[in-house]
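Colleague: how does the following fold in three dimensions:
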Amino acid sequence: MIDEEIAKLRSLEPASSEFSVTRNYLDWLTSLPWGQTNPEIYDIPHAQATLDADHHGLQARIFRSRTSFHLRARPARPAGEVVASRAASALLTLSN
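Modeller: Sure thing, here's the model as predicted:
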């Protein structure tokens, strides 16, 4: 794969956008920690604790974002207007 990308890079003009993309891709490939591994941990409570620690407060932000989106996506109606059908009414679902 890397050899193919190097051959491709050699055939491209340095001023082309594809040259920059290919060069950046090769830079990224060579910066990866090839050959380094970590032991696999299959402990679900440990994974949950790690995710909770790394994403502290994320659920609250997602909730606020979704709530804000639903409220903004709801069509505006004049005050006092009566909704005639269920299809026209907005539904806001709050889940924990």
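
Colleague: hey, let's count contacts and neighbours off CA atoms from now on
Modeller: Noted.

Colleague: average pLDDT for the helix or strand hosting residue 4, rounded please.
Modeller: Secondary structure from DSSP states H and E places residue 4 in helix 2-11. Per-residue pLDDT values over helix 2-11 give a mean of 92.

Colleague: same check, this time on stretch 22-31
Modeller: 93.

Colleague: report the buried residues of it.
Modeller: 22, 23, 26 (16 or more other C-alpha atoms under 10 Å).

Colleague: want to try JSON lines for those residues, with distance to residue 9 and secondary structure as columns?
Modeller: Shown next, in JSON lines, are the buried residues of stretch 22-31 (distance: C-alpha to C-alpha, whole Å; DSSP: H, G, I helix; E, B strand; the rest coil):
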{"residue": "22", "distance to residue 9": "6", "secondary structure": "helix"}
{"residue": "23", "distance to residue 9": "7", "secondary structure": "helix"}
{"residue": "26", "distance to residue 9": "9", "secondary structure": "helix"}
